[in-house]
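This is a predicted model, with the sequence first.
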Amino acid sequence: LISMARLLITLALASSAFLSVSSFSLSASPAHGVRSLRCEIRIEKDEKAVGQALCSYVKEAAKSAIAARGHFALAIPGGSILKMLSTMKDDKSLDWSKTTMAYVNHRAVPNEDESATHLKAKRLFLDEWEREGLKVLTLSGSTDAQVEAEKYASSLRLLPESVLPRDKQTGFPMFDLMLIGVGLDGHIGSLYPERDEVMNKDKWVLPVVKPSSSSITLSLPLITSSRKIVVASAGKSEKYPLGKAEAMVRALEKSETPSSFPASALRDCATWIMDEGAAELLASKA
């Protein structure tokens, strides 16, 4: 059984696509941004504990960024992470007036649409954060993903480097904290397996057109340019009745590529927080 206490594992990266799991760290080749090339896995007891851990990273990153340059740049996805962030709705320990927030991905729908992540976030916590002065980058509300992606990229580019720094080598923006959820098929944001978007190396924001619904998403090189990336996986739902255990194995331990399983692109540069159920199949949990 996995200990109910927090388990912190440092994963060494092999030179091949297969992840070598170890209790010590090895050197790795350079990547975008200024992150340390080590992957941390935190296994928490349940979904509530995962949420608490995620919120602690938000607070830590915010205080550090504001102390360093006077502003905090945060990117959030939709899904279960919104519920986790809702526990910070009335948190007065952070200066939200010095925070700018963007969405990792968002459907191309009006912002008041019931499926809009922005509306869901407002109901859960964002209204309060905005009252405290947080600035949020929203879509314009059209159903044209191409137009929305272009406008969102322009909104990011208009932010001064004091608000959203740029990687001096690649030019990509560097969010202080990027929060990521993972789908059972390995999608992160709206970067889905075996689609062209996941391999795009140039764009900041991409349109993702699908028969069911279209959306925009931050590109993979933009995501990986972040100063810190935190991936959270916990709980079961109607959509994922068995949880994300299989997805975590593919993301962290199987031989995958960003195209076959996009979440695997983050195995060398993110902190992964998961509950015991999501960690159940990991060889590295013991």
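Received it, and whenever you're ready, just let me know what you need.

And the strands in the stretch 1-150 of the chain, which stretches?
Assignment of strands within the stretch 1-150 of the chain using DSSP state E, counting those that start in this stretch yields the ranges 7-11, 39-44, 72-76, 99-103, 105-107, 135-136.

Does anything pack onto the fourth one? Which helices or strands?
Under the contact criterion of 3 or more CB pairs under 8 Å, 6 or more residues apart in numbering; DSSP states H and E, the helices and strands touching strand 99-103 comprise strand 72-76, strand 135-136. From N, CA and C alone the C-beta is placed, and that goes for glycine too.

Show me what the last one is packed against.
Applying 3+ CB pairs under 8 Å, 6+ apart, one finds that strand 135-136 makes contact with strand 99-103.

C-alpha coordinates for the strand it packs on, PDB please?
Provided in PDB are the C-alpha atoms of strand 99-103 (Å, rounded to 0.1, in the frame of the first residue of the first chain):
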ATOM      1  CA  THR A  99      -1.700  38.700 -11.000                       C
ATOM      2  CA  THR A 100      -2.600  38.100 -14.700                       C
ATOM      3  CA  MET A 101      -4.300  34.800 -15.500                       C
ATOM      4  CA  ALA A 102      -4.700  33.100 -18.900                       C
ATOM      5  CA  TYR A 103      -6.400  29.900 -19.900                       C
END
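
contacts for it?
Strand 99-103 is contacted from outside by 62, 71-78, 117-118, 129, 133-139, 152, 156, 159, 163-164, 175, 218, using CB atoms under 8 Å, 6 or more residues apart in numbering.

List buried residues within these.
Neighbour-count burial (16 or more other CB atoms under 10 Å) applied to the contacts of strand 99-103 gives 62, 71-78, 117-118, 129, 134-139, 152, 156, 159, 163-164, 175, 218.

quick check: angle from the longest helix along the chain to strand 72-76?
Identified as the longest helix of the chain according to DSSP state H is helix 47-69. Computed with axes from the mean of the first three to the mean of the last three CA atoms, to 10 degrees, the direction of helix 47-69 lies at 150 degrees from that of strand 72-76.

how about helix 47-69: buried residues?
Buried, per 16+ other CB under 10 Å, within helix 47-69: 47, 49-51, 53-55, 57-58, 61-62, 65-66.

of all those, which comes closest to Glu256?
Taking CB to CB as the measure, Glu256 lies nearest Val50 of the buried residues of helix 47-69, at 22.9 Å.

give me every residue that touches the closest one.
By CB under 8 Å, 6+ apart, Val50 lies in contact with 44, 84, 232-235, 273-275.

Tell me the spacing between Glu40 and Ala247.
As judged by CB to CB, to the nearest Å, Glu40 and Ala247 stand 18 Å apart.

Please say which of these two ends up with more neighbours.
The residue with the greater number of neighbours, taking Glu40 and Ala247 and applying other CB atoms under 10 Å, is Ala247; the counts read 22 against 14.

The closest residue to the more buried one other than its chain neighbours: which element?
The shortest distance from Ala247 to any residue other than its chain neighbours is 5.1 Å, reached at Leu184 (CB to CB, 6 or more residues apart in numbering). For Leu184, there is no enclosing helix or strand under DSSP states H and E.

From Arg157, how far out is Leu184?
With distances defined as CB to CB, the gap from Leu184 to Arg157 amounts to 34 Å.

Same question for Gly79.
Between Gly79 and Arg157 the computed distance is 27 Å (CB to CB).
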